[in-house]
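below is the sequence, then the predicted model.
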Amino acid sequence: MLDAYFNASEIADVVLSCIQHTIMVTDPHGKILFASPGTEQLLGFAPEELEGQELSLIFTEEDMEYLYGNLLTMARHRKPFEGQVMLVRKDLRRFFAFLVVRPGTDPTVDKNIVVVCLKDIDHEKRIEKTLKENQYEDLIRIASGVAHELRNPLVSIGGFINRLYRSCRSDQEHDRYYEFILANLRKIERLVEKVDAFALLPKPRLNREPVGPVIERALKNQEQEIKRKAVNVVSDVEDALFRFDKAHLLKAISVLIENALDAISEAGTICISCKVKGNECRISVSDTGCGIDPKDIPFIFNPFFSTKADGAGIDLATVKRIMDSHSGQIEVTSEKGRGTNFVLVFPLERRRAIRTAPLAIGNSLQQGTPQPKTSTTTATDGK
């Protein structure tokens with residue numbers, strides 16, 4: 001049968017371009033007409049076991065609701081597809097595969113067919129997941145150890161300083177020294193707390209909630225500093241609903257507001273917005289402050305990198321970890337002397353549209369992946 005397909009240049013080109021993959025040919029309704037020998041190694045099915053069966057045999061139960069039907073609909077309308085999917089082997093073990101679906105024509109009977117090519121990417125996906133989970137592992141272990149080792153001496157130093165102060169004759173010079181020591185001890189304590197927050201960040205507990213109240217609370221927590229600096233706050237919040245960890249999101253937004261306040265000397269403006277665009281919720285915090293030097297932007301999410309003389313370089317690294325844990329991104333654009341804009345990008349639905357609803361032919365169906373965005377810097381998980 002495959003010999004007949006090779007007589008048609010269209011099918012030959014498709015098969016030859018995918019020859020390193022497992023190949024199947026189906027009719028427009030998903031009935032398998034041909035399976036290459038590679039199906040036995042990849043799926044556990046011998047070719048003769050698959051021929052005559054439905055292609056749905058290798059799809060997960062949850063993807064039978066929309067994905068499988070959408071793929072067949074696309075093929076019947078001569079729309080190709082390629083993307084990553086979860087499939088099922090004969091022994092019911094699931095695995096990640098790169099799926100290519102190309103419509104064609106059977107020249108022997110002049111009927112439409114579908115060429116399906118599969119590549120096992122399960123190993124690569126598991127390595128990717130491991131790298132993502134462990135990207136900070138060594139650094140977190142060190143940071144946690146350092147914070148632990150510093151905490152006890154700090155308590156002791158603070159206690160002895162207080163005892164020395166009470167036992168000595170009080171005068172203006174001694175009081176100034178005492179306040180200076182305490183102020184710097186408090187600074188070290190705050191650094192230890194931030195290192196702890198970065199190193200011990202818990203896994204997110206995702207709940208579907210409105211984001212508006214979290215933004216309001218983050219602003220409320222900074223109300224005193226906003227008034228002190230006479231900063232104008234402009235808020236344009238669309239109360240989106242999506243799954244997030246409330247404590248994590250509050251921390252991330254609070255860090256961005258604090259950074260904006262630090263960047264503004266006085267009487268500047270902070271703009272906060274929350275907008276839903278497509279499958280994303282975009283939370284923006286911008287300021288009219290000093291901006292960031294372009295040469296520093298690629299490094300601002302690195303732990304312990306700071307452009308401030310007294311900065312710890314932990315806060316933005318913590319925000320980056322929070323966004324990673326939510327499968328999100330953080331984007332930044334900045335102009336020196338004019339201000340900075342940070343955007344937290346959260347996926348509203350982690351599954352692609354083709355897996356969540358029937359597709360209307362006429363939409364953009366050819367790719368299962370979103371188009372890339374443009375930004376000065378986008379911090380992702382490295383994928």
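On my side now, so go ahead. Numbers count the residues shown, from 1 in each chain.

select the longest strand from the protein.
Among all segments of the chain classified by DSSP state E, the strand with the greatest residue count is strand 94-106.

direction included, what does that strand pair against?
Strand 94-106 has its sheet partners listed here by DSSP bridges as strand 81-88 (antiparallel), strand 111-120 (antiparallel).

so which of the ones you listed gets nearest residue 180?
When the strands paired with strand 94-106 are ranked by distance to residue 180, counting by C-beta to C-beta, first place goes to strand 81-88 at 57.7 Å. Placement of C-beta: from N, CA and C, glycine included.

using CSV, list the CA coordinates for that closest one.
Presented in CSV, the C-alpha positions along strand 81-88 are these (Å, rounded to 0.1, in the frame of the first residue of the first chain):
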residue,chain,number,x,y,z
PHE,A,81,-0.9,20.1,12.7
GLU,A,82,2.3,19.6,14.7
GLY,A,83,2.9,19.8,18.4
GLN,A,84,3.6,18.0,21.6
VAL,A,85,0.9,15.6,22.9
MET,A,86,0.5,13.0,25.6
LEU,A,87,-0.1,9.6,24.2
VAL,A,88,-0.7,6.1,25.5
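
tell me the most buried of the strands paired with strand 94-106?
Among those, the stretch with the highest mean neighbour count (mean count of other C-beta atoms under 10 Å) is strand 111-120, at a mean of 20.

and for it, what are the contacting residues?
5, 11, 14-15, 18, 20-28, 30, 33, 42-43, 55, 72, 75-76, 87, 95-106 (C-beta atoms under 8 Å, 6 or more residues apart in numbering).

mean confidence for that strand?
The average pLDDT within strand 111-120 is 92.

how's the chain carved up into domains?
In the assignment given by automatic domain parsing, the structural domains of the chain cover 2-128, 135-199, 207-350.

right, so of those domains, which gets closest to residue 357?
Closest approach to residue 357 among these is made by domain 2-128 (6.0 Å; C-beta to C-beta).

what number of residues lie near residue 100?
Counted with other C-beta atoms under 10 Å, the burial measure for residue 100 works out to 19 neighbours.

give me the nearest residue to it, chain neighbours excluded.
With C-beta to C-beta, 6 or more residues apart in numbering as the criterion, residue 100 has its nearest non-adjacent residue at 4.1 Å, and that residue is residue 117.

look up how far residue 163 lies from the one you found.
From residue 117 over to residue 163 the distance is 76 Å, taken as C-beta to C-beta, to the nearest Å.

check residue 64 too.
As it turns out, when the distance is counted by C-beta to C-beta, residue 64 lies 72 Å from residue 163.

hey, where'd the helices end up in the stretch 251-383 of the chain?
In the stretch 251-383 of the chain, the segments counted as helices under DSSP state H, counting those that start in this stretch are 315-325.

actually, the stretch 51-200 of the chain.
Chain-ordered helices for the stretch 51-200 of the chain, with DSSP H, counting those that start in this stretch as the definition, fall at 67-76, 122-134, 137-167, 172-199.

ok so, going back, tell me what the residue nearest to residue 100 is bridged to.
The partner list for residue 117 in beta bridges (DSSP bridges) reads residue 23, residue 100.

ok, back up a step: mean pLDDT for the helices of the stretch 51-200 of the chain: which is lowest?
Mean pLDDT values for these show the minimum at helix 122-134, a mean of 70.

list the contacts for residue 281?
Counting by C-beta under 8 Å, 6+ apart, residue 281 makes contact with 211, 240, 242, 274-275, 345-346, 348.

okay if I get those as a markdown table plus distance to residue 226 and pLDDT?
Below are the contacts of residue 281 laid out as a markdown table (distance: C-beta to C-beta, whole Å; pLDDT from 0 to 100):
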| residue | distance to residue 226 | pLDDT |
| --- | --- | --- |
| 211 | 20 | 94 |
| 240 | 24 | 86 |
| 242 | 27 | 88 |
| 274 | 18 | 95 |
| 275 | 22 | 94 |
| 345 | 25 | 95 |
| 346 | 25 | 93 |
| 348 | 30 | 80 |
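
for the residues you listed, which one is nearest residue 182?
Closest approach to residue 182 among the contacts of residue 281 (C-beta to C-beta): residue 211, at 38.6 Å.

show me the contacts for the closest one.
Taking C-beta under 8 Å, 6+ apart as the definition, contacts of residue 211 comprise 237, 239-242, 244, 249, 274, 281, 283.

could you turn the buried ones of these into a PyMOL selection?
Of those, the buried ones can be selected in PyMOL as follows, counting by 16 or more other C-beta atoms under 10 Å:
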select buried, resi 237+240+242+244+249+274+281+283
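
out of the contacts of residue 211, which one has the weakest pLDDT?
When it comes to pLDDT, residue 239 is the least confident member of the contacts of residue 211, at 79.

with adjacent residues omitted, what lies nearest to residue 236?
Spatial nearest neighbour of residue 236, chain neighbours left out: residue 273 (4.4 Å); criterion: C-beta to C-beta, 6+ apart.

surely that neighbour and residue 240 touch.
No: between residue 273 and residue 240 no contact is recorded; they are 11.1 Å apart, counting by C-beta atoms under 8 Å.

what's the burial count for the residue nearest to residue 286 when sequence neighbours are not counted?
Counting by C-beta to C-beta, 6+ apart, the nearest residue to residue 286 once its immediate chain neighbours are dropped is residue 341, at 3.8 Å. Close neighbours of residue 341, defined as other C-beta under 10 Å, add up to 19.

next: residue 357.
11.

OK, contacts around it?
Taking C-beta under 8 Å, 6+ apart as the criterion, residue 357 is in contact with residue 66.

so what pLDDT did it get?
According to the model's per-residue confidence, residue 357 sits at a pLDDT of 70.

pull up the gap between it and residue 287, please.
For residue 357, the distance to residue 287 (C-beta to C-beta) stands at 39 Å.

cool, and residue 179?
The gap separating residue 179 from residue 287 is 31 Å, by C-beta to C-beta.
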